[in-house]
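Participant: A predicted structure for the sequence below; I have some questions about it.
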Amino acid sequence: MSHHFDIIVPDLIFFGGSTSSSSLRSEVFQAEVFTRLLDVLGVADRDIYIAGTSYGGFVAYHMAQSLGLERVKKVVIASSDLLKSEEDDKELMKRGGVDNLVDLLVPKNTKTLKSLLGRPSSCLSSF
C-alpha cells in the first residue's frame, strides 16, 4: 500500500492468468495494451511513474516511450538488457540449440528446460 501513489500492477499477457486471442506477443503490444488500460482507468491527466523488471522492463521502456515526457515523470528498469541486439539473440539461440528464442526462454519440454538450466550464466547475460 502506498500513501503517495495509486499502484497498478499488470498481469502481463501470458504471465499469470492473462491471455489474449491476438497473435501479437511483443513487448510493444504489451505496452500498448497496458497504456490503453491506463486510459480506461482515467489516469491520463495524472503523473505516471513506471517500473519494470526483466521482461517487464522492456514493456516499461515501450510504455514510457509511447506515453512521452509530458505524462511519464520517472521510469525504473531493472534486470533488462535494453541494449541487446538481434545478433545477441541469434548467438543465444545458437548456444541454446533452438531456432526461436522464446523456445529457449519459455521451454515447452524438459529437454529445452534442461538446456536453459544447463547454460552458464554468462551465456544468458546478453538477455
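Facilitator: That came through, no problem.
Participant: Check what contacts stretch 38-56 and list those residues.
Facilitator: The set of residues external to stretch 38-56 that reach it, using CB atoms under 8 Å, 6 or more residues apart in numbering, is 5-6, 8, 12, 15, 27, 58-61, 63-64, 67, 71-80. For glycine as for every other residue, the C-beta is placed from the backbone atoms N, C-alpha and C.
Participant: go again using 6 Å as the cut-off
Facilitator: 59-60, 63-64, 71-79 (CB atoms under 6 Å, 6 or more residues apart in numbering).
Participant: In that stretch, which residues are buried?
Facilitator: Within stretch 38-56, the residues that count as buried by 16 or more other CB atoms under 10 Å are L38, I48, I50, G52, Y55, G56.
Participant: what's the answer for stretch 63-78, then?
Facilitator: M63, A64, L67, R71, V72, V75, I77.
Participant: Grab the two from those residues that are most spread out in space.
Facilitator: Greatest spacing in the buried residues of stretch 63-78, by CB to CB: R71 and I77 (16.9 Å).
Participant: quick one, helices of this protein?
Facilitator: Applying DSSP state H to the chain gives helices spanning 27-40, 55-67, 86-96, 101-105, 110-118, 121-124.
Participant: so which of these is the most packed in?
Facilitator: helix 55-67 (a mean of 20; mean count of other CB atoms under 10 Å).
Participant: on that earlier part again, now the helices of the chain as JSON lines including mean pLDDT?
Facilitator: Listed next are the helices of the chain as JSON lines, based on pLDDT from 0 to 100:
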{"stretch": "helix 27-40", "mean pLDDT": "91"}
{"stretch": "helix 55-67", "mean pLDDT": "93"}
{"stretch": "helix 86-96", "mean pLDDT": "86"}
{"stretch": "helix 101-105", "mean pLDDT": "75"}
{"stretch": "helix 110-118", "mean pLDDT": "73"}
{"stretch": "helix 121-124", "mean pLDDT": "46"}
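Participant: before we move on, back to that, so which of the buried residues of stretch 63-78 is the closest to R95?
Facilitator: I77 (24.8 Å).
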